[in-house]
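Visitor: next one to model:
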Amino acid sequence: MLKWILPYLRQYRRLFIFSILIGSLAILFGAALMFTSGYLISKAATRPESILMVYVPIVGVRTFGIGRAVLSYVERLTGHNLILKILSKMRVNLYKMLEPQALFIRSRFRTGDMLGVLADDIEHLQDFYLKTMFPAIISLMIYTVIIICTGLFSIPFAIILAVFISLLVFVGPCFSLVFVKVKNEQLKRGRNRLYQQMTEAVFGISDWIFSGHYRRFIGRYEQQERKLLELEKKKVSFINWRDIINQTILGVIVIYVIYWANDFTINGEIPPTFIAAFGLVILSLLESFLPIAGAVSEITIYQDSFKRLDSIQASKPQQEKLKEIQPSRSPISLELNNVTFRYSEKRLFDNFNLNVKQGEKLAIIGRSGSGKSTLLKLVYGALVPASGEVKINGQLAHHLEPSMSKIIAVLNQKAYLFNTSILNNIRLGNPEATDEEVFHAARMVQLDEMIKKLPNGYETNMQETGQRFSGGERHRIALARILLQNTPIVLLDEPTVGLDPITEAKLLTTIFETLKGKTIIWVTHHLIGVEKMDRILFLDHGKIVMEGTHQHLLENEARYRHLYALDRPFSKGS
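Guide: Model prediction:
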């Protein structure tokens, strides 16, 4: 928790101290205004002989009145300026923690939890500073000032007043914290559950509609909303009673101070005109303590937010120092040694072993659920095996996450293309690439002529997700991006899914021609193009059931021959 507070306060300590001092002065000016006003009213009631007898209090009322307004405005201005600076820095730091884990977030966090962090938790920290930390520090300062000032008149009176005020500053807030903590935890769990359910419902909205059960989902969602509303009402009811009790305690303290001032007047220690002044000044000061109970009771919300932020920080991988890799010169070895991996209770890989040499073209085939995509994620470091090791050049893959984009490029089924120019989309593979290097990559994937025929050429906007272009053209642009990335290893996760046979064949030819010399691991459901691979693995439930070259499997594996024939139903000899 402190790691999300102290570093930022140290960074902006001058502004923080200034805001606290200005806030305290604003309250003291308000108290001085009430004291002077009470004295002025009482003095005026005695009908002084000349206006000069009350001239100083009149000037004081005007000075303290204007001063309180100005100080309150400055305190709000500096306080919010400080909070916005801190939150801005905090959001940047949070992004820096998440950005290296972009490909791995789904394996480490639930989408609903991540939405809660980004939508709720950072905003809660804003309230933590404005509604908890600042009021609490200022109130403690005012509490100290009150006890010291009253102690100058009477130490016994100061002790009794300290006990009374402690009900507002310590006892009440602690009791409120205990009660509200339970309600806040219930509300937080309920909201997180709703976030997760709503996120899943958005992802599966078409299934809900087509199944005809969306009304049942809406009804269940509304029922959970009503339960949360009932909890909120109970919490609000407690807060209302708490505020009434605090107001009652405040009234008792004011009456006690007036009674004490009256005794001092009878004894001749202070003039009668100070009775109203003491009553009004204590009323003004005590009002600054009322927000403490509400502020302290919300600490549990902030603690939960801090815990979730800490979990993100804890998940940030420790980067091992990666040796300098020259993709075109240094051979890159890839090995999986006794890898075991499971999803929940289902074990997918058990003591799985695989070695891939530099420049080798490896095809991984198998039915859905056989572990093909999971294997790619293990290689990339997006998933961590339960036991065993995935190593690249002798270093654990999941320790190389920040540098992984320099080693491995991925061409998947739906490469994301942004709503910007073709030039910018291709350059995403290497932001430092020159225009000529981008043009060369486009020529290699046979897009240069097509792009130049467009009215704006390479500056043509691709529209959202690249809708302006066909599926084959979008895949070629993604391939050009990979060429610019120039990594020694390329993972192909069924990049031809959804393409017609002619476009698929052309794209595969382009891929293998442009990626010569690189290590290629290609995951596919069918066998078109596998003749060009050096080695073929057939996975079934996480185990290699067939392995070899295309010609070897065709000659020795009846199952492979059958699958190969199914992909070519009209070819000769099938």
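
Visitor: hmm, Asp534 and Glu547 touching each other?
Guide: No - using C-beta atoms under 8 Å, Glu547 makes no contact with Asp534, being 11.7 Å away. Just so you know, the C-beta spots here come from the backbone N, C-alpha and C atoms, and that holds for glycine as well.

Visitor: name the surrounding residues that touch the host helix or strand of Phe157.
Guide: Under the criterion of DSSP states H and E, Phe157 resides in helix 155-166. Contacts to helix 155-166, defined as C-beta atoms under 8 Å, 6 or more residues apart in numbering, come from residues 143, 146-148, 150-151, 249, 252-253, 256-257, 260, 286, 289.

Visitor: residue contacts, Val342?
Guide: Wrong residue type there; residue 342 is Arg, not Val. Leu348, Phe349, Ala386.

Visitor: let me see the backbone angles for it.
Guide: Per-residue torsions, Arg342: phi -140, psi 150 (degrees, to the nearest 10).

Visitor: helices and strands around the longest helix seen in the chain, which ones?
Guide: Ranked by number of residues, the top helix in the chain under DSSP state H is helix 214-266. Helices and strands touching helix 214-266, as assessed by 3 or more C-beta pairs under 8 Å, 6 or more residues apart in numbering; DSSP states H and E, comprise helix 155-166, helix 172-203, helix 274-286, helix 290-297.

Visitor: where exactly do the strands run in this protein?
Guide: 334-343, 346-356, 361-365, 387-392, 395-396, 408-411, 489-493, 519-524, 535-540, 543-548 (DSSP state E).

Visitor: okay if I get those as CSV plus distance to Thr374 and mean pLDDT?
Guide: Output for the strands of the chain, formatted as CSV (distance: least, C-beta to C-beta, whole Å; pLDDT from 0 to 100):
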stretch, distance to Thr374, mean pLDDT
strand 334-343, 7, 87
strand 346-356, 6, 86
strand 361-365, 11, 91
strand 387-392, 12, 89
strand 395-396, 17, 85
strand 408-411, 14, 87
strand 489-493, 11, 88
strand 519-524, 10, 89
strand 535-540, 10, 90
strand 543-548, 13, 89
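
Visitor: check what contacts stretch 126-136 and list those residues.
Guide: With contacts defined as C-beta under 8 Å, 6+ apart, stretch 126-136 is touched by 5, 19-20, 23, 79-80, 82-83, 86-87, 288, 291-292, 294-296, 298-299, 302, 305.

Visitor: could I have the buried ones of those as ChimeraX selection syntax?
Guide: Filtering the contacts of stretch 126-136 down to the buried ones (16 or more other C-beta atoms under 10 Å) takes a single ChimeraX command:
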select :5,19,20,23,79,82,83,86,87,288,291,292,294,295,296,298,299,302,305
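
Visitor: just the buried positions in the helix holding Phe157, please.
Guide: Of all the residues in helix 155-166, those buried under the rule 16+ other C-beta under 10 Å are Phe157, Ala158, Leu161, Ala162, Phe164, Ile165.

Visitor: okay, the fifth one and Gly38: tell me how far apart.
Guide: Shown here: Phe164 relative to Gly38, a distance of 20 Å by C-beta to C-beta, to the nearest Å.

Visitor: and the fourth one, by the same measure?
Guide: Using C-beta to C-beta, Ala162 is found at 23 Å from Gly38.

Visitor: over to Leu492?
Guide: Taking C-beta to C-beta, one finds Leu492 at 82 Å from Gly38.

Visitor: the two - which one has more neighbours?
Guide: Between Leu492 and Gly38, counted using other C-beta atoms under 10 Å, Leu492 has the larger neighbour count: 26 against 22.

Visitor: can you tell me the closest non-neighbouring residue to that one?
Guide: With C-beta to C-beta, 6 or more residues apart in numbering as the criterion, Leu492 has its nearest non-adjacent residue at 4.2 Å, and that residue is Trp522.

Visitor: that neighbour contacts Met533, correct?
Guide: Yes - judged on C-beta under 8 Å, Trp522 makes contact with Met533 at a distance of 6.9 Å.
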